[in-house]
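> here are the coordinates; sequence isn't available:
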């Protein structure tokens, strides 16, 4: 079976950046790429252009020309990558959900602005809502990520089997040749010796299940939040910066993500605050 990723394309600099990173991934891991443009502003303008060619909406022709320019750039830079294009009418989330349900994609790759304020909220929410509406993982790419790098991959860790499941989903996209850094947020002030014992048990389980053996871990204690008056999101950002993490894996479980910090709605916050590529997946 061919490995594939899907990239929504709106011809903005954000989606163009996602395409660039997606092509880097495809070149390294032999994925095919489906580029999908969805006409969301009017109903059935693409379908009508097929059924009634003499009544083609000019936006259809423009989108096809823009897509051909995208493909030409890809072929010139990544001749080894196989590209397919899809045009659909409808709601972004519903169309992506249908496509990922009927096709086996390893990830949806989406561009996001990665800043603060209203623009980040709107763009981030698009990515988050696509993730919420699909069982397929979403790799969110901020605008400042021009090259695909995976030397260090972080995994938010609460010692759950679902986190290993998310890691396996990420391996389908990135392979497993990276250093894995497990990040545990110690919100209930558990003694460090007890946490170390949990890692001593959990890490061999990861190695057995995934084959990754280059693993380290970081613990952020409650004292960090008291001293620096930080929240969970800030604690995670500090680990990303300190450890030079390239990609962060974020687990969304039906049972609740890191139950102690549900009140922060941590997954949604991280969807809006993208500084490095983040891989959102459901366990």
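Great, that's in hand. Owing to the predicted nature of the structure, the values given are computational and were not obtained by experimental measurement.

> so how many other residues sit close to residue 209?
Residue 209 has 14 neighbouring residues, counting by other CB atoms under 10 Å. C-betas here are computed from N, CA, C, even on glycine.

> tell me the secondary structure for the nearest residue to it once chain neighbours are set aside?
Counting by CB to CB, 6 or more residues apart in numbering, the nearest residue to residue 209 once its immediate chain neighbours are dropped is residue 164, at 5.2 Å. Of the three states, residue 164 takes helix under DSSP: H, G, I helix; E, B strand; the rest coil.

> I'd like the distance between residue 164 and residue 216.
Remark: distance between residue 164 and residue 216 (CB to CB, to the nearest Å) = 16 Å.

> for residue 112, same thing?
Per CB to CB, residue 112 is found 28 Å from residue 216.

> The two - which one has more neighbours?
residue 112 (28 against 12).

> For the more buried one, report the pLDDT, please.
At residue 112, the model reports a pLDDT of 79.

> quick one, strands of the stretch 51-200 of the chain?
Listed in chain order, the strands found in the stretch 51-200 of the chain under DSSP state E, counting those that start in this stretch are 83-89, 107-112, 138-142, 152-156, 179-186.

> part of a strand, is residue 34?
Yes. Under three-state DSSP, residue 34 sits within a strand.

> wait, what's in contact with it?
Residues in contact with residue 34 (CB atoms under 8 Å, 6 or more residues apart in numbering) are 4, 5, 6, 7, 84, 85, 86, 99, 103, 105.

> quick one: least confident of these?
Among the contacts of residue 34, residue 103 has the weakest pLDDT, 89.

> quick check: domain ranges of this protein?
Domain segmentation of the chain under automatic domain parsing yields 4-142, 152-282.

> Just the pLDDT at residue 121, thanks.
38.

> Apologies, that question was intended for residue 136.
Predicted confidence (pLDDT) for residue 136: 94.

> now residue 186
Note on residue 186: pLDDT of 86.

> next one: residue 166
So, for residue 166, pLDDT stands at 95.

> Where do the helices of the stretch 51-200 of the chain begin and end?
58-77, 92-102, 118-133, 161-174, 192-210 (DSSP state H, counting those that start in this stretch).

> quick check: angle from the last one to helix 161-174?
So that's helix 192-210. Helix 192-210 and helix 161-174 are oriented at 50 degrees to each other (axes from the mean of the first three to the mean of the last three CA atoms, to 10 degrees).

> what's downstream of helix 192-210, the next helix or strand?
Using DSSP states H and E, the next helix or strand after helix 192-210 towards the C-terminus is strand 215-221.

> ok, residue 126 - how many residues close by?
Taking other CB under 10 Å as the criterion, the count of residues near residue 126 is 19.

> any idea how far it is from residue 197?
Applying CB to CB to residue 126 and residue 197 gives a distance of 42 Å.

> what's the answer for residue 190, then?
10 Å.

> Same drill for the two, tell me which one is more crowded.
residue 190 (14 against 11).

> what's the residue closest to the geometric middle of the chain?
Among the residues of the chain, the one closest to the centroid is residue 139, at 1.6 Å (CA atoms, centre = their mean).

> Pull the contacting residues for that residue.
Residues near residue 139 by CB under 8 Å, 6+ apart: 5, 21, 107, 108, 109, 110, 173, 277, 278, 279, 280.

> Throw the residues you listed into JSON lines and include neighbour count and distance to residue 11, thanks.
Formatted as JSON lines, the contacts of residue 139 follow (neighbours: other CB atoms under 10 Å; distance: CB to CB, whole Å):
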{"residue": "5", "neighbour count": "23", "distance to residue 11": "18"}
{"residue": "21", "neighbour count": "21", "distance to residue 11": "16"}
{"residue": "107", "neighbour count": "26", "distance to residue 11": "21"}
{"residue": "108", "neighbour count": "26", "distance to residue 11": "17"}
{"residue": "109", "neighbour count": "29", "distance to residue 11": "15"}
{"residue": "110", "neighbour count": "26", "distance to residue 11": "14"}
{"residue": "173", "neighbour count": "23", "distance to residue 11": "24"}
{"residue": "277", "neighbour count": "24", "distance to residue 11": "21"}
{"residue": "278", "neighbour count": "24", "distance to residue 11": "23"}
{"residue": "279", "neighbour count": "24", "distance to residue 11": "24"}
{"residue": "280", "neighbour count": "25", "distance to residue 11": "24"}
